[in-house]
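>>> requesting a structural model of the entry that follows:
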Amino acid sequence: MRDLVVWIVLLSASAFALTAAIGLLRFPDTFTRAHSGTKPQNLGMLLMLIGLAISTGHQAGIIALVFGFQLATAPVAANMVARAAYRSGTARKDVMYADEYAEE
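Numbers count the residues shown, from 1 in each chain. Sure thing, here's the model as predicted:
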């Protein structure tokens, strides 16, 4: 029964990782790609680590630490990518709802 739960959790994690990869390929601009690369990827990583914790049983502290670092660094990295795209001028201005950095 435990193996079945692990399989279901790992397949769900794979589906979220696949969703993130498809979003990175299909979305038109940097901002939506950064969003696509962080949101489903973090949930997929959480599910994968839950499956690992269920299958091993004794590594829960280390697994929680790995997820904490992933949860803290992925949004920061996506923000830095979006900021670099904006500052270099490669970001699409027509899809932005508000441009707080624009000079008035």
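
>>> would you quantify the distance from the most centrally placed residue in the chain to N79?
With distances taken as C-alpha atoms, centre = their mean, the residue of the chain nearest its centroid is T38 (2.2 Å). Using C-beta to C-beta, to the nearest Å, T38 is found at 9 Å from N79. Every C-beta, even on glycine, is put in place using the N, C-alpha and C of the backbone.

>>> list the buried ones in the longest helix anywhere in the chain?
The longest helix of the chain (DSSP state H) is helix 60-88. Under the neighbour-count criterion of 16 or more other C-beta atoms under 10 Å, helix 60-88 has 63, 67, 74, 78, 81-82, 85-86 buried.

>>> same question for stretch 27-44.
29-44.

>>> how close does A53 sit to F69?
From A53 to F69 the distance is 16 Å (C-beta to C-beta).

>>> my bad, should have said L4
29 Å.

>>> on that earlier part again, so which of the buried residues of helix 60-88 comes closest to A20?
Using C-beta to C-beta, A74 is the member of the buried residues of helix 60-88 that sits closest to A20, with 10.5 Å.

>>> so that closest one sits right up against P40, yeah?
No: if you go by C-beta atoms under 8 Å, A74 and P40 don't touch, sitting 10.9 Å apart.
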